[in-house]
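Chemist: Generate a structure from the sequence data that follows.
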Amino acid sequence: MASTPAPKKPMRVAMTLNIKPGMLAEYKAHHDNSWPEIESALRSVGMRNLSLWAYGERMFYYAEYVGEAPFDEAMATYAAMPRVAEWEALMHKYQQRIPAADGAAADTAADDVWWRTCQQVYHMD
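Modeler: Model (predicted):
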């Protein structure tokens, strides 16, 4: 009897950014009614278990990546999918870049860098 390979361990992804003052309710409303094309695009590249959390104006993003391609390639594929650029442009109306951990100013990030990647400090299954 052939054995089945063990399931791939997910790559945990955590990121943060700020929401512009007074805009969290509207931002949340968009996500309460997220576009099916966006959810489908995320799933198709291997994203799962995605959630957004708010603490005041600070947003925290958590997702698991289980795709086959390197993560950066999967995100480039996602970015090129139908309606993704439109969704991202809409979300950027609410989002606010934050300074990098190295102290670089928020406005020194590349034009396409909005979310800042968080470093995992601890994990327990």
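Chemist: contacts and neighbour counts: CA atoms only from here.
Modeler: OK.
Chemist: any idea which helix or strand carries Ser34?
Modeler: If you go by DSSP states H and E, Ser34 is not part of any helix or strand.
Chemist: burial count for the residue nearest to Ile38 when sequence neighbours are not counted?
Modeler: Leaving aside its sequence neighbours, Ile38 sits nearest to Val84 (C-alpha to C-alpha, 6 or more residues apart in numbering; 6.2 Å). If you count neighbours by other C-alpha atoms under 10 Å, Val84 ends up with 18.
Chemist: is it true that Val84 touches Tyr78?
Modeler: Yes - Val84 lies in contact with Tyr78 (C-alpha atoms under 8 Å); the separation is 7.3 Å.
Chemist: Next, the residue nearest to Ile38: phi, psi?
Modeler: phi -70, psi -50 (degrees, to the nearest 10).
Chemist: need the helices for the chain, in chain order.
Modeler: Per DSSP state H, the chain carries helices over the ranges 24-32, 36-44, 71-79, 84-92.
Chemist: Would you format the ones you listed as JSON lines with distance to Lys8 and mean pLDDT included?
Modeler: Supplementary listing: the helices of the chain in JSON lines, determined by distance: least, C-alpha to C-alpha, whole Å; pLDDT from 0 to 100:
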{"stretch": "helix 24-32", "distance to Lys8": "28", "mean pLDDT": "97"}
{"stretch": "helix 36-44", "distance to Lys8": "16", "mean pLDDT": "97"}
{"stretch": "helix 71-79", "distance to Lys8": "14", "mean pLDDT": "95"}
{"stretch": "helix 84-92", "distance to Lys8": "27", "mean pLDDT": "96"}
